[in-house]
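Asker: below are the sequence and a predicted model for it; my questions follow.
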2 protein chains.
Amino acid sequence: MRNSWISLFVFLSLGAAERADLVVSAAKAVTMDAAGRVIERGAVAVRDGRIVAVGPKAEIDRRFRAKKRIDRPDALLAPGLINAHTHAAMSLLRGIADDVPLQTWLEKYIFPAEARNVNEAFVRAGTRLAALEMMLGGITTYADMYYFEHAVAEETKRAGMRAVLGQTVIGFPAPDYRTPQEALAGAEKFILAWRGDERITPAVAPHSIYTTDAATLKACRTLANRYGVPVHTHVSETKKENDDAGRAHGMTPARYLDSLGFFSGRTILAHMVWADAEDLKLLEGRAVGIAHCPSSNTKLASGAPNYRTWFQFRVPAGLGTDGPAGSNNDFDLFEEMDLASKLAKVSTLDPTVLPAQKAFRMATIDGAGVLGMEKDIGSLEAGKWADLITVSMAAPHAIPAHDVYSMLVYSLKASDVRDVVIGGRVTVLDRKPQTLNSASVLREAERMRARVAESLR
Amino acid sequence: MRNSWISLFVFLSLGAAERADLVVSAAKAVTMDAAGRVIERGAVAVRDGRIVAVGPKAEIDRRFRAKKRIDRPDALLAPGLINAHTHAAMSLLRGIADDVPLQTWLEKYIFPAEARNVNEAFVRAGTRLAALEMMLGGITTYADMYYFEHAVAEETKRAGMRAVLGQTVIGFPAPDYRTPQEALAGAEKFILAWRGDERITPAVAPHSIYTTDAATLKACRTLANRYGVPVHTHVSETKKENDDAGRAHGMTPARYLDSLGFFSGRTILAHMVWADAEDLKLLEGRAVGIAHCPSSNTKLASGAPNYRTWFQFRVPAGLGTDGPAGSNNDFDLFEEMDLASKLAKVSTLDPTVLPAQKAFRMATIDGAGVLGMEKDIGSLEAGKWADLITVSMAAPHAIPAHDVYSMLVYSLKASDVRDVVIGGRVTVLDRKPQTLNSASVLREAERMRARVAESLR
């Protein structure tokens, strides 16, 4: 009874304020919630890593007593961007081979460069460089597929990012494991070490149907289902892949995977450029999503997907940068949004097929859906992790501001990102990295560059 | 005799140094000269607005006594970028209408917005905003087509930019002139006022074959030839334009223009998306160039050109941003280079068709060729105007640095531009505008935005 009176007293004396660790406010909050709310002079209150309230700044300020505040009256506040497919550590191979056919690129450059350079130290340095670039450009979550994923996990966690990390399983000797069996055992160890982590979701990543046999593909699925983790793979990236699958299996890559029971759990399908309506139809209602990589598909001349078919079916599609070693040269989701939207228009000759708001959905809430994390990230809503960004509208290219989605997709740049918060932790403040030492990350990357260049002589 | 002795004394005492107004040096100088020289630790010496020497920094430092020095050891030094087709003042209409079909866009948004808002004050404010954004992104020269070009000329000159400015002549009442006859008279006055100016080249800009009749098209050419100035027009932008020309004239737009004697002088052709081999062939050896606008052609769903055909003939092709009111939403030639290169690859399914070095040529020396200014700008060579930029390589997306052209086209951004020199005058220094008051330009643009929004209600 006495305690209650004291509580009431404290409650009244503080003006009814609830505790918040952080309040972030801006000119507009672009929530990406189901109602598509854009809140003028909006704010988000954060406690214990999660969003506890979203609303007008005046209301949030009245309701919360915040330990820390970030107020950006000339910026947008938005959910952090989700990079649904990449190979982060390939940052160190950026620009080693461009403008060459896919087979030359792989066989003359990428495979030799990887064979001669990729080890745990390389992966750590590459992941740090990638995490730095991604966060500075507003990416808060990424889905990776590479080698030594336990090292990727440690570096990602240290940088404060969120990620779904797929340990590669491939049918030939890889930098970390010599056989698919070893890789599967390694993947299991990796899952056991990281499952349940708040930031890191371990995953199994069979490379593709053309590098991994049926038994291994099935074993990957079985392993992932045993622990309830996702599978991440490349599917229908090129016409050649589809043609080869037709010859070898008498069906498309997606239908071949389905025949193996591959879609019996959460699956991230990178590319799907050459998928047809029947492929999409069979994925509806499953825990499957597409990671669309427009830079990669254009730059490697893989092709443009049939966007009309894609959007006809209820299969979530997010955006990925792919790796930055030829299939793209950076990790920039602002560019991917812009490019996806333009590529969709020019390839269908229909300017309405992928409007700006849809492109921004792909980079946020739909990307979350692809990873199976739509209840936890992808929008500014109470209960979700506090993964959010502010994007400055002060540059000349941001003025005048008529429509927020048009701005985010067609005008604003990764360089306009000002602050980044992941799980309530400020990882970038006023464009300055808070969790990584930029100078040392870049110095280390430059040192690696010399070694890579030497190895390719 | 006595004077000579004094001169010799001064000459010897200064260590044989020649005078320079400015020396700019960087990690590498990407010259874009005919030999494609990239000079390690390169420098450029500038005197009286022109480049007087290009070479290794050590050599330039020995040879020149500079009044002012800009040294960027972690940047690239390159020619300023050339935006070969735009409508600068439309910056104020940025984002008023996106993701709608071309006819809706024009008739429901652009034409009403222009009719209700475009006057001389609007054009001045819009040009200032555009010049600010263009210079911050490394553009030193642009080719414009709009209304009130005398006002555009004054604002461009004040901002310190170089431009080819086309006074619009169109077959219906425009914001500045009610009839083509009035517009032609206005264009002549404009030419007389500005011809011979070091920075501004006046031009005549009949809008297109579908908005301007044959007599007016001929009159534009005749007027331009009388004063030796360029003509700037839109050609073969959409399939509809080509289909309509086939019905009306029994030939393609380019062949129709040729039948009018339109290519008898310098001509800048924007778009040419639907041009065929015969069109290109008839342009060879003429003073004609193409301004390719990949953002516009994709965003408005106009189509992708047949790049193989384009590059088969000796017709220079540069890059343009087009206007930022729906056909693009910014003036960013880094994005246009990247997009042109990717669009070429995906539309031909050939990753070798438009390599990075060629894309950078399009944005520099080939763009100069389109404007007929290849002897004066477009590369770092002694005798040319000192139009140059430095581009920082310090951001994470610029590291590691394996190839300069790949970096410039696929990794570096407009936001990496650090310094801009035009005709020897420093217009941007360490990312800060030196010739425009950024705050007042942006404030004015924001005020105009409110008026535009109001007018569209």
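Answerer: Ah, there it is. Residues are numbered from 1 along each chain as shown, chains lettered A, B, ... in the order given.
Asker: from now on I want contacts and neighbour counts done on CA atoms only, so please keep to that.
Answerer: Noted.
Asker: A:Ile209: what's its closest spatial neighbour, skipping adjacent residues?
Answerer: A:Pro253 (7.1 Å; CA to CA, 6 or more residues apart in numbering or on different chains).
Asker: so what's that neighbour up against?
Answerer: For A:Pro253, the contact set (CA atoms under 8 Å, 6 or more residues apart in numbering or on different chains) comprises A:209, A:235-236, A:241-242, A:245-246.
Asker: how about the residue positioned nearest the centre of chain A, secondary structure?
Answerer: Computing the C-alpha centroid of chain A and ranking residues by CA atoms, centre = their mean puts A:Asn83 first, at 1.9 Å. Classification of A:Asn83 using DSSP: H, G, I helix; E, B strand; the rest coil returns strand.
Asker: residues in contact with it?
Answerer: Contacts of A:Asn83 by CA under 8 Å, 6+ apart are A:139, A:141-143, A:318-321, A:333, A:363, A:367.
Asker: same check on A:Arg124?
Answerer: A:89, A:151-152, A:155.
Asker: and with 10 Å instead?
Answerer: Applying CA atoms under 10 Å, 6 or more residues apart in numbering or on different chains, one finds that A:Arg124 lies in contact with A:88-89, A:130, A:148-156.
Asker: can I get the contacts of A:Asn83 in CSV including distance to B:Lys384?
Answerer: Converted to CSV, these look like this (distance: CA to CA, whole Å):
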residue, distance to B:Lys384
A:Ile139, 43
A:Thr141, 48
A:Tyr142, 47
A:Ala143, 49
A:Gly318, 48
A:Leu319, 44
A:Gly320, 43
A:Thr321, 40
A:Leu333, 38
A:Ala363, 45
A:Gly367, 50
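Asker: wait, which of those is closest to A:Thr179?
Answerer: A:Ala143 (23.3 Å; CA to CA).
Asker: for A:Ala16, give me the pLDDT.
Answerer: We have a pLDDT of 52 for A:Ala16.
Asker: then the one 10 residues further on?
Answerer: Confidence per residue is given as pLDDT, and for A:Ala26 that number is 98.
Asker: A:Ser7 now?
Answerer: A:Ser7 carries a pLDDT value of 49.
Asker: ok, now A:Arg2?
Answerer: So, for A:Arg2, pLDDT stands at 48.
Asker: check which helix or strand covers the residue of the stretch 1-150 of chain A found nearest chain B.
Answerer: Relative to chain B, the nearest point of the stretch 1-150 of chain A is A:Asp99 (5.0 Å; CA to the nearest CA). For A:Asp99, there is no enclosing helix or strand under DSSP states H and E.
Asker: tell me, how many residues neighbour it?
Answerer: A:Asp99 has 24 neighbours, counted by other CA atoms under 10 Å in any protein chain shown.
Asker: dihedrals phi and psi, it?
Answerer: phi 60, psi 30 (degrees, to the nearest 10).
Asker: need the contact list for it.
Answerer: Counting by CA under 10 Å, 6+ apart, A:Asp99 makes contact with A:105, A:299-301, A:326-327, B:341-342, B:345, B:350-357, B:406.
Asker: quick one: is stretch A:288-295 near chain B?
Answerer: Yes - residues of stretch A:288-295 contacting chain B under CA under 10 Å from any CA of the partner chain: A:294-295.
Asker: give me the mean pLDDT for that stretch.
Answerer: Here the average pLDDT along stretch A:288-295 is 98.
Asker: chain B contacts on the stretch 151-300 of chain A?
Answerer: Neighbours of chain B within the stretch 151-300 of chain A, by CA under 10 Å from any CA: A:294-300.
Asker: separation between A:Gly318 and A:Asn83?
Answerer: Distance of A:Gly318 to A:Asn83, given as CA to CA, to the nearest Å: 8 Å.
Asker: and for the two, which residues touch both?
Answerer: The contact sets of A:Gly318 and A:Asn83 overlap at A:291-293, A:362-364, A:367-368, A:371 (CA under 10 Å, 6+ apart).
Asker: narrow the residues you listed to those in strands?
Answerer: Counted as lying in strands by DSSP state E, out of the shared contacts of A:Gly318 and A:Asn83, are A:291-292.
Asker: can you tell me how far the residue nearest to A:Ile209 sits from chain B?
Answerer: Relative to chain B, A:Pro253 is positioned 20 Å away (CA to the nearest CA, to the nearest Å).
Asker: picking up where we left off before, just the contacts of A:Asp99: which are in helices?
Answerer: When DSSP state H defines the helices, the subset of these inside them is A:299, B:341-342, B:345, B:356-357, B:406.
Asker: so can I have JSON lines of those residues showing pLDDT?
Answerer: Shown next, in JSON lines, are the ones in helices among the contacts of A:Asp99 (pLDDT from 0 to 100):
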{"residue": "A:Lys299", "pLDDT": "95"}
{"residue": "B:Ser341", "pLDDT": "98"}
{"residue": "B:Lys342", "pLDDT": "97"}
{"residue": "B:Lys345", "pLDDT": "97"}
{"residue": "B:Ala356", "pLDDT": "97"}
{"residue": "B:Gln357", "pLDDT": "97"}
{"residue": "B:Ser406", "pLDDT": "95"}
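Asker: of the residues you listed, select the buried ones using a PyMOL command.
Answerer: Those of those that count as buried under 16 or more other CA atoms under 10 Å in any protein chain shown are selected in PyMOL with:
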select buried, (chain A and resi 299) or (chain B and resi 341+342+345+356+357+406)
